[in-house]
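# Take a look and give me a structure for this.
(2 chains)
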Amino acid sequence: MSSNLDPDAALMLRVKQGDTIAFTELVEKYKQPVMNLAYRTVRDMTEAEDLAQNVFVQVYKSASRYKTTAKFSTWLFTIARNLCLNEIRRRSRHPAESLDAAHPEQDDQPLQQFEDKSTFSPPENVLQSELAQQIDSALADLPENQRSAILLCRQEELSYEEIAEVLGCSVSATKSLIHRGRETLKERLKAYLRTGQAKKPD
Amino acid sequence: MNEFDYKLLLEESWRRRLTPAEEASVRAWLAQHPESKADWELEGELSRALDKLPNVPVPSNFTARVLAAVERETAIAPQRRVNGVARFVRRLLPRVAVAAAVVAVGVLTYQEHRTAKRAELVRGVQVVAGVSSLPSPEILQDFDTIRQMPTTPGPDPELIALMK
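Numbering: from 1, shown residues only, chains lettered A, B, ... in the order given. As a prediction, the model looks like this:
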C-alpha cells in the first residue's frame, strides 16, 4: 500500500476487510469531534450521543463505499452532518420538545450542566466557563449551515474545500457562510470579548 | 500587501493561527489602515474564544456501545436481506402480474390486427386474381369508336309504321 495514503484512509481499508480493531481506532480518534458537532447541532445530550453512535455505525455499514481518494474526516463529517440534519427535520415534523433542551426564555438559567467529565472546564474558571456558555448560546442561535461551517472551520481545522464538500456548496459560499456567522457572533459577543470577561453588556 | 491579501489572511485566521510571518504582514498592513485594526482584534478574540469552547462530554463506554450496535447490525443483516427479498417479491408480484396482463392484451390485440390485415390482403388478392381473365388489350383498340356509338337502340321504322 502507498506510503502516501492518509493514515485514516489506511485504517478504513482495513475496516473494509472487517477489521474491528482499525474501526475502534477511528472511533476513538473521532468520537470527540463528532460528539461536539452532534451536540452543538441538536442541543440535547442524549440525542447527541445516539446520533454520534449512529454516525459510526453508518461509517461501518458504508465502509465498502468509502474511496481512499477522499479524506476520511470529510466523509465522516458529511455523514455526521446528514444525520444531524435528518434529526432536525424529524423534530420539525414532530415538535415534542426534549425536557433537557435549553429554552430561549430561560436566559437567566445556566445552560444544561454537563456531568463532570475529564475534558470539561474546571469549576474555578468561572469567567471562561460563562464566556463559553455565551458563545455556545450564540452559536445555537445561528442558522445550521453557518454554525456547522464555523465549527468545522475552527474546531476541526478542515480546509475550505473540505468544508464545502461536507456542506455541499462552493468554497466561496462556504466562506460567505463563515463570514456572516462570525459577524453575527462578533456583534452579539463583542462586550464579552473586548473586556475579556463574562460581563453583561450595558 | 494589499487589501485582497489582507482578506485572504483574515480567512486563513478563521481556520488556524497565522504564522509569525503572516502576523507581521497583517500588522504592517494595519499600520497603514488603522480603521481595520479594531475589527481584526475582535476577529482574533472570537477565534481564541472558539478555540476555548469546551469539549462535550463523551460517555466512557461510547466506543463499546458503538461496537455493540455494529455487532447487532451485522447479526441481523443476513435475516434483513432475506426479509427484504421476500418483501420485495411481495410488493413486486402484483405489479408484475398487471404488467404481464397488459402485455398479453397488447400481444393478442396485435395478433388479431395482423390476422384481420391478412384476411383483407387475401380478399384483395382474390379480387386481383379474378381480374386475370380480362380480355387481351388488342380488343380495346377500337374502344374509342365503339364508345362513341349510341348506347340506346335507334327508332324502329316498322314499329313506327304500325303505330300510325
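# Kindly report the domain assignment for chain B.
B:3-51, B:62-129 (automatic domain parsing).
# Report the buried residues of the helix or strand encompassing residue A:139.
Following DSSP states H and E, the helix or strand that holds residue A:139 is helix A:126-141. Across helix A:126-141, burial judged by 16 or more other Cβ atoms under 10 Å in any protein chain shown covers A:128-139. Quick note: C-beta positions are derived from backbone N, CA and C, even for glycine.
# helices or strands up against the worst-scoring helix or strand of chain A on mean pLDDT?
Using mean pLDDT, DSSP states H and E, helix A:126-141 stands out as the lowest-scoring helix or strand of chain A, at a mean of 84. On a contact count with 3 or more Cβ pairs under 8 Å, 6 or more residues apart in numbering or on different chains; DSSP states H and E, helix A:126-141 meets helix A:20-42, helix A:144-154, helix A:171-195, helix B:37-51.
# Out of the domains of chain B, point me to the one whose mean pLDDT is lowest.
Ranked by mean pLDDT, the domains of chain B end with domain B:62-129 at the bottom, a mean of 81.
# what distance separates that one from the centre of its chain?
19 Å (Cα atoms, centre = their mean, to the nearest Å).
# and the longest helix along chain B, does that touch chain A?
The longest helix of chain B (DSSP state H) is helix B:62-130. Yes. Using Cβ under 8 Å from any Cβ of the partner chain, we find that helix B:62-130 touches chain A at B:62-63, B:65-67, B:69-70, B:73.
# now for these, which pair is the farthest apart?
B:62 and B:73 (16.6 Å; Cβ to Cβ).
# So these two - more neighbours on which side?
Between residue B:62 and residue B:73, residue B:62 has the larger neighbour count (other Cβ atoms under 10 Å in any protein chain shown), namely 20 against 14.
# What residues does the residue nearest to the more buried one when sequence neighbours are not counted make contact with?
Spatial nearest neighbour of residue B:62, chain neighbours left out: residue A:31 (5.4 Å); criterion: Cβ to Cβ, 6 or more residues apart in numbering or on different chains. Contacts for residue A:31 (Cβ atoms under 8 Å, 6 or more residues apart in numbering or on different chains) come out as A:52, A:56, B:58, B:62-63, B:66.
# With respect to residue B:145, which of the residues you listed is nearest?
The closest of the contacts of residue A:31, once distances to residue B:145 are taken by Cβ to Cβ, is residue A:56, at 107.9 Å.
# and the closest one, what element?
Here residue A:56 is assigned to helix A:45-61, by DSSP H and E.
# I figured residue A:181 hits residue A:144, correct?
No. If you go by Cβ atoms under 8 Å, residue A:181 and residue A:144 don't touch, sitting 10.4 Å apart.
# more crowded one of these two?
A side-by-side neighbour count of residue A:181 and residue A:144, using other Cβ under 10 Å, places residue A:181 first with 23 against 13.
# Distance-wise, check the closest residue to that one other than its chain neighbours relative to residue B:129.
Of all residues not flanking residue A:181 in the chain, residue A:146 sits nearest, at 3.4 Å (Cβ to Cβ, 6+ apart). To residue B:129, residue A:146 is 88 Å away according to Cβ to Cβ, to the nearest Å.
# Looking at those two, which is more packed in?
residue A:146 (20 against 9).
# Mind pulling up the pLDDT for that one?
Model confidence at residue A:146 (pLDDT) stands at 96.
# Could I get the contacting residues of residue A:174?
A:149, A:160, A:163-164, A:167.
# Taking these, tell me the two that lie furthest apart.
A:160 and A:167 (10.3 Å).
# Let me know the secondary structure of the residue in chain B that chain A sits nearest to.
For chain B, the residue closest to chain A is residue B:57, as judged by Cβ to the nearest Cβ, at 3.5 Å. Put simply, residue B:57 is coil when judged by DSSP: H, G, I helix; E, B strand; the rest coil.
# Can you check what pLDDT the model gives it?
94.
# Tell me which residue lies nearest the centroid of chain B.
residue B:99 (19.5 Å; Cα atoms, centre = their mean).
# What's the separation between it and residue B:89?
With Cβ to Cβ as the criterion, residue B:99 and residue B:89 are 15 Å apart.
# What of residue B:49?
Taking Cβ to Cβ, one finds residue B:49 at 58 Å from residue B:89.
# Who has more neighbours out of these two?
Taking other Cβ under 10 Å, residue B:49 and residue B:89 do not tie; residue B:49 has more neighbours (21 against 10).
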